[in-house]
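In: turn this into a model:
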Amino acid sequence: MRRRFRFSYPNMDSLPDAILQYILSNLTEAKDVASCNCVSKRWKDSTDSVKSIKFPRNSFENISDVTLSDALVLKMISSFHRLEELVLYSPFTSKGLASWLSHVSQSLKLLELRMDNLASEEALVEGPLKLDCIGVAKCLETMKLWGVLMMSPPKWDVFPNLRCLEIVGARMDDGALGSALRACPNLSSLLLLACEGVKSISISLPCLEHCKLDFYGQGNTLLSLTAPRIVSLDVQGCSWISVPETSFLKNLSIANVSGRVYMVQFRNLSSLESLSVRGVQWCWDALTTILEQARDVKHLFMKVEFTGTEALQPFPEIDFVEFFKNHPKLQKFDIHGAMFAALCQKNSLKKLETGFEIGCLEEVVITVRSPLNAEQKMSTLESLVRYAKGLKRMVIRVLRMKSNHSSADDFCDDICKFHHMNKHLVHIE
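Out: Residues are numbered from 1 along each chain as shown. Just a heads-up that it's a prediction; the model follows:
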């Protein structure tokens, strides 16, 4: 007869230390860490090893007094031996923030705060104080701030270890932003998203590699960026851009949907692989300058509707052959309305010769919005298929084409026939 063994489940207190520490190391939500205090005394004593804590927006939704929630956060934070990451989306006061950071300033590496200054009645009084409090956390490596009011320079000394700074949703003064960035001399990643009020900013960061700047407003911000190690740059809302040192720049995106781009200055774009230019209006000199410098680009995205320094003007004619000869390494070309129309002018295809070839082009995405010059447009499509020997995919997007004339229907019929003749290559969206 077989003996029957009764399997007994161990209680939570009997877990090995290694497993307990593993469980606690994977808990970041404040409510989960607080629940551990209720398991047993051993679990409560072990929570001091927690290194990362997050307070979601609704952490204290049943507490109307912000000072009380400040005290609860302080009680939890002060129980940790060495907190490295603090993420706080729930409301707080500057006094509360100062008390927390005084406990963890020596160990804290990541700080993410929802400041809520822009929507607050007392923003003008309290906003800068919250920023000032952050200055004590000198060991920070990553700082992320949401809803920031920065109308006066924050009282920061220097963050020697800070590598990543992100500010999302802000109202700023030029001098205040410049002062804040000077306190972060070793940044390698900078993100300023939906920032309002910046008119002219000069940034000098010798270690910066990745930069995204989104200035909200009239699109007339002036930008000067000195970053000799820059690899990726994304700029939105600037009319004048100067980046003198770009030897390592691989990805560049410039957009301006509110204003016009007057001038771009780049000394060297020989390493550039991806270029995106977008906006309602670019001065033709600015556009041609950047296209001439980006000769070795592999991915080109163009969505600019008009040129001209003042009044909106259409694109001048662009020679089809010269354009692709000047960009011999182009692999993917995403082209919208105005640029495509410029390539489709009557004289654009006259220089086609027997030996001409678009060597590296593999994918073309074309957005068509008008049936005008339909014959030239079809000739350009056919030339792309004929001379791009390595072409693997062509996508034609017909976007909100409006015309009461039968030419629109005829053009669509021509595109469908073209698709039928090149089913292996052409896709219509």
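In: quick check: which ranges of the stretch 251-400 of the chain have low pLDDT?
Out: Applying pLDDT under 70 to the stretch 251-400 of the chain picks out residues 345-354.
In: now the strands for it?
Out: Here the stretch 251-400 of the chain has its strands, by DSSP state E, counting those that start in this stretch, at 251-261, 263-266, 274-282, 299-306, 332-336, 363-368, 393-398.
In: redo the ones you listed as a markdown table? Include distance to residue 245 and mean neighbour count.
Out: For every residue, glycine as well, the C-beta is placed using N, CA and C. Shown next, in a markdown table, are the strands of the stretch 251-400 of the chain (distance: least, C-beta to C-beta, whole Å; neighbours: other C-beta atoms under 10 Å):
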| stretch | distance to residue 245 | mean neighbour count |
| --- | --- | --- |
| strand 251-261 | 13 | 20 |
| strand 263-266 | 9 | 18 |
| strand 274-282 | 18 | 20 |
| strand 299-306 | 23 | 19 |
| strand 332-336 | 27 | 20 |
| strand 363-368 | 31 | 20 |
| strand 393-398 | 36 | 16 |
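In: residue 144 is nearest to which of those strands?
Out: Proximity to residue 144 (C-beta to C-beta) singles out strand 251-261 among the strands of the stretch 251-400 of the chain, at 21.4 Å.
In: who are the packing partners of that closest one?
Out: strand 232-236, strand 238-243, strand 274-282, helix 284-293 (3 or more C-beta pairs under 8 Å, 6 or more residues apart in numbering; DSSP states H and E).
In: partner strands of that strand, with direction?
Out: When sheet partners are counted by DSSP bridges, strand 251-261 sits next to strand 232-236 (parallel), strand 274-282 (parallel).
In: now these in a markdown table, with distance to residue 189?
Out: Shown next, in a markdown table, are the strands paired with strand 251-261 (distance: least, C-beta to C-beta, whole Å):
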| stretch | distance to residue 189 |
| --- | --- |
| strand 232-236 | 9 |
| strand 274-282 | 18 |
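In: including distance to residue 288, could the strands of the stretch 251-400 of the chain go into CSV?
Out: Shown next, in CSV, are the strands of the stretch 251-400 of the chain (distance: least, C-beta to C-beta, whole Å):
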stretch, distance to residue 288
strand 251-261, 12
strand 263-266, 10
strand 274-282, 10
strand 299-306, 12
strand 332-336, 16
strand 363-368, 21
strand 393-398, 25
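In: nearest to residue 91 among the ones you listed would be which one?
Out: strand 251-261 (32.1 Å).
In: what angle separates the closest one from strand 299-306?
Out: Using axes from the mean of the first three to the mean of the last three C-alpha atoms, to 10 degrees, the direction of strand 251-261 lies 0 degrees away from that of strand 299-306.
In: so residue 132 is in contact with residue 157, correct?
Out: No - using C-beta atoms under 8 Å as the test, residue 132 is too far from residue 157 to be in contact (11.0 Å).
In: the more surrounded of those two?
Out: residue 132 (17 against 9; other C-beta atoms under 10 Å).
In: OK, contacts around the more buried one?
Out: Residues in contact with residue 132, defined by C-beta atoms under 8 Å, 6 or more residues apart in numbering, are 94, 154, 155, 156.
In: these in strands, which ones?
Out: Per DSSP state E, strands hold no members of those.
In: now the buried members of the residues you listed.
Out: Neighbour-count burial (16 or more other C-beta atoms under 10 Å) applied to the contacts of residue 132 gives 94, 154, 156.
In: gap between the second one and residue 214?
Out: The one in question is residue 154. 20 Å (C-beta to C-beta, to the nearest Å).
In: same check on residue 257?
Out: For residue 257, the distance to residue 214 equals 11 Å [C-beta to C-beta].
In: go on, residue 389?
Out: 40 Å.
In: ok, those two, which is more surrounded?
Out: residue 214 (16 against 11).
In: which SSE is that one in?
Out: Per DSSP states H and E, residue 214 falls inside strand 210-216.
In: strand partners (parallel or antiparallel) of that strand?
Out: strand 189-196 (parallel), strand 232-236 (parallel).
In: got the angle between the last one and strand 238-243?
Out: Orientation note: strand 232-236 sits at an angle of 160 degrees relative to strand 238-243 (the same axes, to 10 degrees).
In: can you tell me what sits against strand 232-236?
Out: For strand 232-236, the external contacting residues (C-beta under 8 Å, 6+ apart) are 209-215, 223, 225, 241, 243, 246, 249-257.
In: kindly recompute the last result at 6 Å.
Out: 210, 211, 212, 213, 214, 251, 252, 253, 254, 255 (C-beta atoms under 6 Å, 6 or more residues apart in numbering).
In: surely the fifth one meets residue 190?
Out: Same thing as residue 214. No - between residue 214 and residue 190 there is no contact, the gap being 11.5 Å when judged by C-beta atoms under 6 Å.
In: what residues are up against the nearest residue to residue 377 once chain neighbours are set aside?
Out: The shortest distance from residue 377 to any non-neighbouring residue, by C-beta to C-beta, 6 or more residues apart in numbering, is to residue 344 (4.7 Å). By C-beta under 6 Å, 6+ apart, the contact set of residue 344 is 373, 376, 377, 380.
In: neighbour-wise, which one of those leads?
Out: For the contacts of residue 344, neighbours were counted using other C-beta under 10 Å, and residue 377 has the most, 22 neighbours in all.
In: please report how far residue 224 lies from residue 174.
Out: 12 Å.
In: phi, psi of residue 423?
Out: phi -60, psi -30 (degrees, to the nearest 10).
In: what's the neighbour count on it?
Out: For residue 423, the neighbour count with other C-beta under 10 Å is 8.
In: quick one, what contacts residue 139?
Out: residue 161.
In: make it 8 Å
Out: So residue 139 contacts 105, 106, 107, 108, 109, 161 (C-beta under 8 Å, 6+ apart).
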